[in-house]
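Colleague: need a structure here:
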Amino acid sequence: MRIKEIIVVEGRDDTAAINRAVEAETIETHGFGMSEKMWKEIEKAADKRGIIVFTDPDHAGERIRRKIKSRFPDCREAFLPRNEALKNGDIGVENATPEAIREALSKARFTEADNCGDFTSEDMEAAGLIGGQGSRSRRELVADALGIGYGNGKAMLSKLNSYGVSREEFYEIIRSIDHSCDQK
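Modeller: All right, here's what the predicted structure looks like:
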């Protein structure tokens, strides 16, 4: 699998994991040590080929992602489910299998410029994603299926609306989750 865009990751171990999974170029942020040289590299990549932000599914990774998104709002984002990034208590892209990395990259999304979604908190509640027992685990399942990264209820609603998730796609996933729960 060849990735056209340049993938922005946190470090060299992430680059190694990406290279085991796909054919792609990366730019490393080196955590929060984001130099002016690195910013210029990202800017050049964004202008020429586009970028995919693919940071660790932890607090530090989210902070780095937000910094990059604030400068490059037109980038795509890929999210790795936490359980796919965990190894011996360490969380990071470098711990993911090649299959999990390919899956996350295949689900990379743009943020819709006009925040076009029309999901409401009522939709979230009706789908069992807020306000009830098990809502957190249901949000995790939905986030993983959509490839949009986990968030609390408010963050999930924002992600549904800003990543261009269609109602059809959303309800198909909800039906799938409900069906698998019925099977247990």
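Colleague: could I have whichever strand or helix holds K67 exported to PDB, CA atoms only?
Modeller: Under the criterion of DSSP states H and E, K67 resides in helix 59-71. C-alpha atoms of helix 59-71 as PDB (Å, rounded to 0.1, in the frame of the first residue of the first chain):
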ATOM      1  CA  HIS A  59      -2.800  13.100  25.800                       C
ATOM      2  CA  ALA A  60       0.600  14.100  24.400                       C
ATOM      3  CA  GLY A  61      -0.300  12.900  20.900                       C
ATOM      4  CA  GLU A  62      -3.500  14.800  21.000                       C
ATOM      5  CA  ARG A  63      -1.700  18.000  22.000                       C
ATOM      6  CA  ILE A  64       0.700  17.600  19.100                       C
ATOM      7  CA  ARG A  65      -2.200  16.800  16.700                       C
ATOM      8  CA  ARG A  66      -3.900  20.100  17.800                       C
ATOM      9  CA  LYS A  67      -0.800  22.100  17.200                       C
ATOM     10  CA  ILE A  68      -0.400  20.800  13.700                       C
ATOM     11  CA  LYS A  69      -4.100  21.100  12.900                       C
ATOM     12  CA  SER A  70      -4.100  24.700  14.000                       C
ATOM     13  CA  ARG A  71      -1.400  25.500  11.400                       C
END
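Colleague: helices or strands up against that helix?
Modeller: Contacts defined by 3 or more Cβ pairs under 8 Å, 6 or more residues apart in numbering; DSSP states H and E place helix 59-71 against helix 36-48, strand 51-53. Where you see a C-beta, it was placed from the backbone N, CA and C, and this is true even at glycine.
Colleague: could you give the angle of that helix to helix 36-48?
Modeller: Going by axes from the mean of the first three to the mean of the last three Cα atoms, to 10 degrees, helix 59-71 is angled at 60 degrees with respect to helix 36-48.
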